[in-house]
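Asks: here you go, sequence then predicted model.
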Amino acid sequence: MRQYLKYLFLFSTGGFLYNLLEITFRGWSHWTMFILGGICFICLGLINEIIPWDMPLWQQMLIGAGVITGLEFVTGCIVNLWLRWDVWDYSQMPENILGQVCPQFFILWLPVSLAGIVLDDWLRCWLFGEEKPHYKLI
């Protein structure tokens, strides 16, 4: 039960923060972005659960940005292409893939990944008594 509550809390935190980012930069969000944000935050948190702490933080950021981009692509294919809800459309952006992802947003996800990785690690430490974060920069 404790694990379930922990992941529900982390999922909700990620969903809330993702919606907050979207509202801040786009002026609106969609309920599916809460789900996507929750899943992304859980995945960012699992980086240090799966990969040893001695992996440099910049590599964790690359993994995180790749995971977010991949999840955005899958979500976009479902909500935009299959269900036709038109939550976003990057078809006017250079080098986009099916209008769902583009390199410019991969670059944006790098600092977001850093923030998500560090926030998840500290939440796990402070609220759930897990290992205190320690990072290797290079």
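Replies: Thanks, I have it. Residues are numbered from 1 along each chain as shown.

Asks: report the outermost residue of this structure with respect to its centre.
Replies: The outermost residue of the chain relative to its centre, with distances by CA atoms, centre = their mean, is residue 1 at 24.4 Å.

Asks: check the gap between that one and residue 7 for me.
Replies: Residue 1 sits 11 Å away from residue 7, going by CB to CB, to the nearest Å. Where C-beta positions appear, they are placed from N, C-alpha and C, glycine not excepted.

Asks: which elements pack onto the host helix or strand of residue 20?
Replies: Assigned by DSSP states H and E, residue 20 belongs to helix 2-26. Judged by 3 or more CB pairs under 8 Å, 6 or more residues apart in numbering; DSSP states H and E, helix 2-26 is in contact with helix 31-50, helix 103-128.

Asks: what comes up buried for it?
Replies: 6, 10-11, 13-15, 17-19, 21-22 (16 or more other CB atoms under 10 Å).

Asks: do the same with stretch 108-121
Replies: Across stretch 108-121, burial judged by 16+ other CB under 10 Å covers 108-110, 112-114, 116-121.

Asks: next: stretch 74-90.
Replies: 75-77, 79-80, 87-88, 90.
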